[in-house]
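**Student:** Have a look; sequence and predicted model below, questions after that.
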Amino acid sequence: MDALLITAAILIVALSAILRRALGAPSKFIRAAASGNISLARDMIERGENPNKIDKKGRSPLLAAVENGRIEMVRFLMGRGANANITSVYGETPLMRAIVSDQEDMVKELLLHGADTGARSVDGEAAIHIAAELGRDDFVGMLLARGAEPDCRDNDGWTPLMCAALSGAGDVAKALLTRGVNVNAKDDFGSTPLHAAAEGGSAEMVSLLLKAGANPLEKDSHGRPPFMIAEEAGEEEAAGLLRSAGGAN
């Protein structure tokens with residue numbers, strides 16, 4: 001057993017070294033930002049370091065600070081000219097990273113410093129898509145208050161309501177419906193929020209969308225109405241609601 005543990009440890013060390021070489025070690029500035037070392041970051045900026053410099057792997061001091069929850073460092077960097085909308089190689093902004101990591105104060109701070117609610121990732125997602133997927137009606141409310149488009153679409157034509165419907169996030173869906181979003185919007189494959197709710201299996205979401213005017217007869221590009229999606233997913237309660245609403249006609 002000892003020999004196996006030693007072998008496993010050696011493999012872990014070797015794999016870690018390979019990963020470090022593949023990713024490249026983060027710069028001294030990025031390490032300072034990630035650890036919250038404001039003194040070192042200040043010294044580096046005074047010596048000419050650019051707070052918006054992005055390394056070969058798309059890492060920046062501000063993104064590192066956000067990822068690690070260093071809100072004082074974030075304030076310091078933005079006070080020294082860091083771009084609140086700088087992006088990773090995947091097009092993720094600091095605001096998106098803060099939402100994903102469930103940092104409410106960080107989200108507020110970034111919005112206060114002009115974070116763009118309409119910025120898109122490489123998948124075309126805006127911050128409001130991510131907040132809707134996660135069921136964070138508080139974040140959705142903050143984003144809407146700062147001008148986020150409630151009916152925006154990602155690269156597949158998905159709207160925030162579709163994201164909320166799939167996740168069964170009722171409070172998010174209600175907030176979006178209050179803003180007048182299209183309850184029968186179709187993505188690039190002909191699916192509507194009701195199709196997403198059927199797939200997600202939330203009977204409460206299905207009921208909410210039907211009451212808001214969702215059409216149970218709409219078919220996706222494969223000719224399937226929402227009740228068929230629910231049946232295929234094994235979501236009998238949702239399928240029953242859709243059948244009762246006339247969706248099986």
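**Tutor:** Great, that's in hand. Residues are numbered from 1 along each chain as shown.

**Student:** As CSV, could you dump the C-alpha coordinates of stretch 189-204?
**Tutor:** In CSV, the C-alpha atoms belonging to stretch 189-204 read as follows (Å, rounded to 0.1, in the frame of the first residue of the first chain):
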residue,chain,number,x,y,z
PHE,A,189,-33.9,25.1,-32.9
GLY,A,190,-37.5,26.2,-32.6
SER,A,191,-37.7,25.7,-28.8
THR,A,192,-39.6,28.1,-26.5
PRO,A,193,-39.3,28.7,-22.8
LEU,A,194,-42.1,26.2,-22.4
HIS,A,195,-40.0,23.5,-24.1
ALA,A,196,-37.2,24.4,-21.7
ALA,A,197,-39.5,24.2,-18.7
ALA,A,198,-40.8,20.8,-19.9
GLU,A,199,-37.2,19.5,-20.2
GLY,A,200,-36.3,20.9,-16.8
GLY,A,201,-39.4,19.2,-15.3
SER,A,202,-40.6,21.9,-13.0
ALA,A,203,-44.4,21.7,-13.0
GLU,A,204,-44.5,25.1,-11.2
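
**Student:** what residue ranges in this protein are flagged as low confidence?
**Tutor:** 1-26, 247-249 (pLDDT under 70).

**Student:** Can you report how many residues lie near the nearest residue to Asn155 once chain neighbours are set aside?
**Tutor:** Once flanking residues are discounted, Asn155 sits nearest to Gly124: 3.5 Å by CB to CB, 6 or more residues apart in numbering. For the C-beta atoms, the positions are set from N, CA and C on the backbone; glycine is no exception. Residues near Gly124, counting by other CB atoms under 10 Å, number 15.

**Student:** what helix or strand is Gly124 on?
**Tutor:** Using DSSP states H and E, Gly124 sits within no helix or strand.

**Student:** now it: how far from His195?
**Tutor:** 19 Å (CB to CB, to the nearest Å).

**Student:** Can I get the helix or strand where Ala131 lies as CSV, trimmed to CA atoms?
**Tutor:** Per DSSP H and E, Ala131 falls inside helix 127-133. Output in CSV follows, covering the C-alpha atoms of helix 127-133 (Å, rounded to 0.1, in the frame of the first residue of the first chain):
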residue,chain,number,x,y,z
ALA,A,127,-24.3,38.2,-17.4
ILE,A,128,-28.1,38.0,-17.1
HIS,A,129,-28.2,34.6,-18.9
ILE,A,130,-25.8,33.3,-16.2
ALA,A,131,-27.7,34.8,-13.3
ALA,A,132,-30.9,33.3,-14.7
GLU,A,133,-29.3,29.9,-15.1
